[in-house]
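Undergrad: Quick one, fold the following:
(4 chains)
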Protein chains: 2
Amino acid sequence: MAGKGLTRDGVVREAIGLIEERGLQALSARELAARLRIRAASLYNHIKSMDELRTQIAFYAIAELRRAQTAAIGGKARGGAVTALAEAYYRFGKERPELYRVILSLPMVKNDALQAAAGDIVEPIMAALSGYALGEDRKMHLQRVLRSIMHGFLSQEEAGCFRHFPVEVSESYALAVRGFILLLESEEAETRK
Amino acid sequence: MAGKGLTRDGVVREAIGLIEERGLQALSARELAARLRIRAASLYNHIKSMDELRTQIAFYAIAELRRAQTAAIGGKARGGAVTALAEAYYRFGKERPELYRVILSLPMVKNDALQAAAGDIVEPIMAALSGYALGEDRKMHLQRVLRSIMHGFLSQEEAGCFRHFPVEVSESYALAVRGFILLLESEEAETRK
DNA sequence: ATAATAAAACTAACGCTGTTAGTCAAGGAG
DNA sequence: CTCCTTGACTAACAGCGTTAGTTTTATTAT
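TA: Presented below is the predicted three-dimensional model:
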């Protein structure tokens, strides 16, 4: 091995650090290279392209989000699990905004492996719904609904759409989650009948 | 007046055409200029910057979305109005995907006037909810919820998150809307009590 | 220890991006 | 007819990601 002991993961980690510190749009080849005390061209000994790097970062972001959600539902069931999951999702968006931005910016990229990874977020949600007596298809539909609510809410708050009206944002979110649980119970009753 | 009768609105319109034809990321100063049979630098006689142009495009996109929603709820009330609104929103995302992408990409930009315009989308939604007996604050919360559902759903579908599971996407959306109406009725009952 | 090898750094350059400065030509107003 | 504004132009800059080709450096084998 030659060089400065720099590894591919080290580059990714430095990129994440840069993003969390100075924002997603501050990530550039030259800026990242400077942080690593390297010239921009040398980055290409470790990564294939900046796009691939961004994909790698997205993998990390998705894994972190998934971890937070899985941890949140531990030991809980039904409404409690759903509420905890939704809160964990929200907290992630708030505490690591730049990392969450990476996930928000995914629609722009078209990458099969990444889309599959994004599907990983499905699992904890399905787990949270497992306490409800629902068919697999129904559960899948409902999982999409919950994901839409959480993702949509954070997107809009990030965009500043909620800023101009003087009613509590957290209350709106709680209401949304409550509505989802209502739907869950209604669907469960429908299934049982 | 000198030049080729080119106006600021003409530039914006050409940019929208370019975006709808070749995609949001195909929009560049030189590409747009070429379409107008002009050099890139000459664009700056009509627009202040590419960012300002993008903002202008976003204004248009938001106005169009709002128009579609307002038209959809015409003559309808309560559940019918909400369903029609949600369908119109979904259809807009499907029929003019690149224009909708512009709205999706808004979070990245921080622009006060634009955020205010984004608030315009509130109006038709509030109108759709007007048939329900709800306090103003409650209505505002619920408007946020519906917007989150619609926006979140299209975001995720755009991102390809729904692609890997063989259950109908439109059914998931219909379920989400049904759930929202359930919440609406529940909140109305709460208010009346 | 020294020579060979492979990894990782380097410099230089290309084509792309948005943008500014300075110039020139053409149409309308006094 | 002249003035002057308007909108086009050319030339250039700094930044971006990226590639090719070269040199350094660290490890391994002799």
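Undergrad: what's the domain layout of chain A?
TA: Following automatic domain parsing, chain A resolves into domains at A:1-47, A:51-192.
Undergrad: most packed of the ones you listed?
TA: domain A:51-192 (a mean of 18; mean count of other Cβ atoms under 10 Å in any protein chain shown). For the C-beta atoms, the positions are set from N, CA and C on the backbone; glycine is no exception.
Undergrad: That one vs DNA strand C: in contact?
TA: No. Judged by Cβ under 7 Å from any atom of the strand, domain A:51-192 makes no contact with DNA strand C; its nearest approach is 13.9 Å.
Undergrad: and that domain, how far apart are its ends?
TA: Terminal residues of domain A:51-192 lie 48 Å apart, using Cα to Cα, to the nearest Å.
Undergrad: now check the worst-scoring helix or strand of chain A on mean pLDDT, is it near chain B?
TA: When the helices and strands of chain A are scored by mean pLDDT, DSSP states H and E, helix A:112-118 comes last with a mean of 80. Yes. Helix A:112-118 lies within reach of chain B by Cβ under 8 Å from any Cβ of the partner chain, at A:115-116, A:118.
Undergrad: tell me which of the residues you listed is nearest to DNA strand C?
TA: A:Gln115 (26.4 Å; Cβ to the nearest atom of the strand).
Undergrad: can you map out the helices along chain A?
TA: A:8-22, A:29-35, A:50-73, A:78-95, A:97-104, A:112-118, A:122-129, A:136-159, A:169-192 (DSSP state H).
Undergrad: Which one of these lies nearest to B:Ile62?
TA: B:Ile62 sits nearest to helix A:136-159 of all the helices of chain A, at 11.5 Å, using Cβ to Cβ.
Undergrad: Can you show me the CA trace of that closest one as PDB?
TA: C-alpha atoms of helix A:136-159 as PDB (Å, rounded to 0.1, in the frame of the first residue of the first chain):
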ATOM      1  CA  GLU A 136     -49.900  -8.900   3.500                       C
ATOM      2  CA  ASP A 137     -51.100  -6.800   0.600                       C
ATOM      3  CA  ARG A 138     -53.100  -4.600   2.900                       C
ATOM      4  CA  LYS A 139     -50.000  -4.200   5.100                       C
ATOM      5  CA  MET A 140     -47.900  -3.200   2.100                       C
ATOM      6  CA  HIS A 141     -50.500  -0.600   1.100                       C
ATOM      7  CA  LEU A 142     -50.600   0.800   4.600                       C
ATOM      8  CA  GLN A 143     -46.800   0.900   4.800                       C
ATOM      9  CA  ARG A 144     -46.700   3.100   1.800                       C
ATOM     10  CA  VAL A 145     -49.300   5.400   3.300                       C
ATOM     11  CA  LEU A 146     -47.300   5.800   6.500                       C
ATOM     12  CA  ARG A 147     -44.100   6.400   4.600                       C
ATOM     13  CA  SER A 148     -45.800   9.000   2.500                       C
ATOM     14  CA  ILE A 149     -47.100  10.800   5.500                       C
ATOM     15  CA  MET A 150     -43.700  10.900   7.300                       C
ATOM     16  CA  HIS A 151     -41.700  11.700   4.200                       C
ATOM     17  CA  GLY A 152     -44.200  14.300   2.900                       C
ATOM     18  CA  PHE A 153     -44.400  16.000   6.200                       C
ATOM     19  CA  LEU A 154     -40.600  16.400   6.600                       C
ATOM     20  CA  SER A 155     -40.200  17.500   3.000                       C
ATOM     21  CA  GLN A 156     -42.700  20.300   3.400                       C
ATOM     22  CA  GLU A 157     -41.400  21.400   6.700                       C
ATOM     23  CA  GLU A 158     -37.900  21.500   5.200                       C
ATOM     24  CA  ALA A 159     -39.200  23.500   2.300                       C
END
